[in-house]
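> model this:
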Amino acid sequence: MLSSACQDTIRACVWLATKPQNDYFRIQTISEALHLPYHFLAKSLQKLVHAKILVSHRGSNGGVKLSRSAADINLISIIYAVDGTTMFDKCLLGIGECEAEKPCALHAQWEIWRNEMEGMYSAMRLDELVADFSSSKIKRL
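Presented below is the predicted three-dimensional model:
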């Protein structure tokens, strides 16, 4: 459901959340650590800077870091910054005019699932993923 760019960005945020909060990390370092393409990751992380989820700093000691505690960042904010709201707005079948007045066959059920997913992503915080990673529930980032 999430774009690969959004998935990679969440992975990068989890990686950042495992590091000292006051340190800046170069995007090159993050991309190498997670085996992600630098330019694609840079574009996604720039979106998080604009959304004030990350802070960037230029210079020899520059890079990016989380703007606040991982406990204060929910996944929906990352999703909205990278993918926008289209996942929650679009028709599941790809029908352009699917809405309450002109619903597709899956509209009513998709609305329920969509609201549940949006609620789940809103409730889930970055620190929960870090805890899962730290306890080896998540095997790799």
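> just checking, M124 touches N74?
Yes. Counting by C-beta atoms under 8 Å, M124 touches N74, with 6.3 Å between them. Every residue, glycine included, has its C-beta placed from N, CA and C.
> okay, and the common contacts of the two?
Counting by C-beta atoms under 8 Å, 6 or more residues apart in numbering, no residue touches both M124 and N74.
> looking at these two, which is more packed in?
N74 (17 against 13; other C-beta atoms under 10 Å).
> where along the protein do the helices fall?
4-17, 27-34, 38-50, 75-83, 86-89, 107-123, 126-134 (DSSP state H).
> mind checking those for the one nearest to K65?
With distances scored as C-beta to C-beta, the stretch of those nearest to K65 is helix 4-17 (6.4 Å).
> which secondary structure elements does that closest one contact?
helix 27-34, helix 38-50, strand 63-66, helix 75-83, helix 126-134 (3 or more C-beta pairs under 8 Å, 6 or more residues apart in numbering; DSSP states H and E).
> could I get the buried residue list for the lowest-mean-pLDDT helix or strand in the chain?
Lowest by mean pLDDT, DSSP states H and E among the helices and strands of the chain is helix 86-89, with a mean of 81. Judged by neighbour count using 16 or more other C-beta atoms under 10 Å, the buried positions of helix 86-89 are M87, F88.
> give me the helices and strands touching it, please.
helix 107-123.
> give the buried residues for the helix it packs on.
For helix 107-123, burial by neighbour count (16+ other C-beta under 10 Å) applies to H107, W110, R114, M117, E118, Y121.
> contact partners of it?
So helix 107-123 is contacted by M1, N74, L75, I76, I79, F88, C91, L92, C98, E99, A100 (C-beta under 8 Å, 6+ apart).
> sorry, back to before: what's the spacing between the least confident helix or strand of the chain and its chain's center?
Relative to its chain's centre, helix 86-89 lies at 14 Å (C-alpha atoms, centre = their mean, to the nearest Å).
> the helices and strands packed on helix 4-17 into a markdown table, with extra columns for mean neighbour count, distance to K19 and mean pLDDT?
Compiled in a markdown table, these are given as follows (neighbours: other C-beta atoms under 10 Å; distance: least, C-beta to C-beta, whole Å; pLDDT from 0 to 100):
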| stretch | mean neighbour count | distance to K19 | mean pLDDT |
| --- | --- | --- | --- |
| helix 27-34 | 16 | 10 | 97 |
| helix 38-50 | 17 | 14 | 97 |
| strand 63-66 | 20 | 8 | 98 |
| helix 75-83 | 21 | 17 | 97 |
| helix 126-134 | 17 | 10 | 90 |
